[in-house]
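> starting from these lines, generate the structure:
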Amino acid sequence: MKPLPPVARLPLLFLGMLALVVGVLAGLARFAVDVPSVAAAQAGTHGALMITAFLGTVIGLERAVALAGSGRNWTYLAPLCAGAGGIAMLLGLPTAGSQTLFVSGAILALGSGLLFFRQPAVYLATLALGAATWLGGNLVWLADGSLLPAVPWWMAFLVLTIAGERLELTRFLPTPPGARRLFVAVVAAQLAALVLGLFREEAGLRLFAATLLALALWLLRYDIARRTVRQTGLTRYIAVCLLAGYAWLALGGLMGLSGAFAPGHPLRDAALHAVFLGFVFSMIFGHAPIIFPAVVQVQIPYHPAFYLPFALLHASLLARIGGGFAGVASLGRAGAVANAVALLLFILTVLFRVLARRHAAAPG
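From the prediction side, this is the model:
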């Protein structure tokens, strides 16, 4: 079976980007920012749009491209259903319909699991477990009817997927056997924390936070980014994004240890966005020049301008979190708006670099 051609993947990417745009605007609506009504109506489901619809589609697409190389084109159903679930949300269809579509994470989990059993490796096991936690979070949301208990599962989906991809990209870097065993133990503890949280929420969330901190410290210690940050150009830029992301993950874990992941905690927004924005989007900013060409076969030439949205993202997130700690709502609101501007600036920078390359390659 031939792999799905890149041009056929673009509609899936479009679905994800649409969810991103509306999801970001819905997040701003939570800060009383005036946004279009279609986005304001999604303020209560901002997290679902950003994680299951946007990141579920984009990560599902990226993993489907990798899995399709093993003759598994059916794995494209995962990003297709995730994107369709986002559209169902935007159309105001019954929530159960979107939730059912998001349970398509089972497709990604199945494909990732089959690949692991075919080629046993720690990084493949981590990717498979990440896909399984996406499915788990969607099932928890479907069963409970509330987004709140699903959030740590979705967070684990992103953290484990990113950790697995970092292991995949740096698997040739020698790592002490003890460090590998520690990594496996932390991942196992994270899964246990998710299950515990279903019965004893506070204890589960604190244990989960401890595993985030442990993974952040592990990645800071053993990721090859510690070495590549001394290089130049794209290699250094990626390393800077990675190391900054690990620092945010550690901060999120620390805040979670103090109870900030619990619903109603005054620092919940700060703790969640330290992970979802600081960690996850640092990874997106850093990996986009590598993964985007693999998905749609369009090169993104590196330029130092990539540091502009990176710097704005982190400065604005510091302002947002600082506003939360200080109890200054206006600072948190300004930081949230600047977060959105940083994401827009990154997308525009990527598009500009792609168009600049095409213009340079054009004859005459």
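> from here on, contacts and neighbour counts on C-alpha atoms
Will do.
> who's in contact with residue 142?
96, 99, 100 (CA atoms under 8 Å, 6 or more residues apart in numbering).
> just the ones of the residues you listed in strands?
Judged by DSSP state E, strands contain none of the contacts of residue 142.
> of these, which is the most crowded?
residue 99 (24 neighbours; other CA atoms under 10 Å).
> go ahead and confirm it touches residue 87.
No - in this structure, residue 99 is not within contact of residue 87 by CA atoms under 8 Å, at 11.8 Å.
> could you pull up the mean pLDDT of stretch 90-100?
In this model, stretch 90-100 has a mean pLDDT of 86.
> which other residues reach it?
With CA under 8 Å, 6+ apart, stretch 90-100 has contacts from 38, 42, 84, 85, 86, 88, 89, 138, 139, 141, 142.
> just the buried subset of these, written out for PyMOL, thanks.
Buried subset of the contacts of stretch 90-100, written as a PyMOL selection, criterion 16 or more other CA atoms under 10 Å:
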select buried, resi 42+84+85+86+88+89+138+139+141+142
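> got a markdown table for the contacts of stretch 90-100, with distance to residue 307 and secondary structure too?
As requested, the contacts of stretch 90-100 are exported to a markdown table (distance: CA to CA, whole Å; DSSP: H, G, I helix; E, B strand; the rest coil):
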| residue | distance to residue 307 | secondary structure |
| --- | --- | --- |
| 38 | 32 | helix |
| 42 | 31 | coil |
| 84 | 33 | helix |
| 85 | 33 | helix |
| 86 | 30 | helix |
| 88 | 35 | helix |
| 89 | 34 | helix |
| 138 | 35 | helix |
| 139 | 38 | helix |
| 141 | 37 | helix |
| 142 | 40 | helix |
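> among the contacts of stretch 90-100, which one sits closest to residue 224?
residue 138 (32.9 Å; CA to CA).
> excluding chain neighbours, what is closest to that closest one?
Nearest non-adjacent residue to residue 138, counting by CA to CA, 6 or more residues apart in numbering: residue 103, 5.6 Å away.
> nearest residue to residue 155 in space, please, no chain neighbours.
Using CA to CA, 6+ apart and skipping the chain neighbours, the partner closest in space to residue 155 is residue 276 (7.5 Å).
> please tell me how far the one you found sits from residue 253.
12 Å (CA to CA, to the nearest Å).
> how about residue 56?
The gap separating residue 56 from residue 253 is 23 Å, by CA to CA.
> again, but for residue 283
Relative to residue 253, and taking CA to CA, residue 283 is found at 17 Å.
> more neighbours: which of those two?
Using other CA under 10 Å as the criterion, residue 283 and residue 253 rank with residue 253 on top: 30 against 22.
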